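Engineer: Sequence first, then the predicted structure:
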Amino acid sequence: MTKSKITQEENKLDSFFNQVYAVVRLIPKGRVTSYGAIAKYLGTAKSSRMVGWAMNGAHNVKPKVPAHRVVNRVGLLTGKHHFGDPKAMQLLLEKEGIKVKGDQIVKFKELFWDPMIELAM
DNA sequence: CGATTGACGTACG
DNA sequence: TCGTACGCCAATC
């Protein structure tokens, strides 16, 4: 196989994307986090966009990544359109006990799950 | 192969 | 305090 394939398959273990998936899977039920928090935890605070790109392939990864627990720093469901149905993301969050109002997570600051604090040390 | 976009965030004015 | 600009890295056009 040529390295041209690496762009799609990657090493599956060292790729930045997989690190994002790992952290997202660690998010407890009923809690949420932000792209920037994950990016910063991985040491790429300025590459928060890449976290979003990683989630873009989250649906193609197994086990499936709870991307619905990941929102932007404002607690806004920016990626709800990527779940197939825009209401799917909000529905999943509400199912876990998270209340969403106008595509925005209620008490986001309280429900915020920071990997740097929870996983650090 | 070069330019643009993209599930964000920080810096600067 | 609010608005605009830039960076980051990869994928897509």
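Structural biologist: That came through fine. Residues are numbered from 1 along each chain as shown, chains lettered A, B, ... in the order given.

Engineer: Any buried residues in stretch A:79-98, and which?
Structural biologist: Residues of stretch A:79-98 classed as buried by neighbour count (16 or more other C-beta atoms under 10 Å): A:Gly79, A:Lys80, A:Phe83, A:Met89, A:Gln90, A:Leu92, A:Leu93, A:Ile98. The way it works is simple: take the backbone N, C-alpha and C, and place the C-beta from them, glycine included.

Engineer: Show me the contact partners of it.
Structural biologist: By C-beta atoms under 8 Å, 6 or more residues apart in numbering, the list of residues contacting stretch A:79-98 from outside reads A:29-30, A:32, A:52, A:55-56, A:59, A:66-71, A:77, A:99-100, A:103, A:105-106, A:111.

Engineer: Kindly identify which of the buried residues of stretch A:79-98 also come near DNA strand B.
Structural biologist: Among the buried residues of stretch A:79-98, the ones lying near DNA strand B by C-beta under 7 Å from any atom of the strand are A:Gly79, A:Lys80, A:Phe83, A:Met89.

Engineer: just for chain A, where's the confidence low?
Structural biologist: A:1-14, A:121 (pLDDT under 70).

Engineer: The nearest residue to A:Val106 once chain neighbours are set aside: neighbouring residues, count only.
Structural biologist: Among residues not flanking A:Val106 along the chain, A:Lys99 sits closest, at 4.1 Å (C-beta to C-beta, 6 or more residues apart in numbering). Counted with other C-beta atoms under 10 Å, residues neighbouring A:Lys99 total 13.
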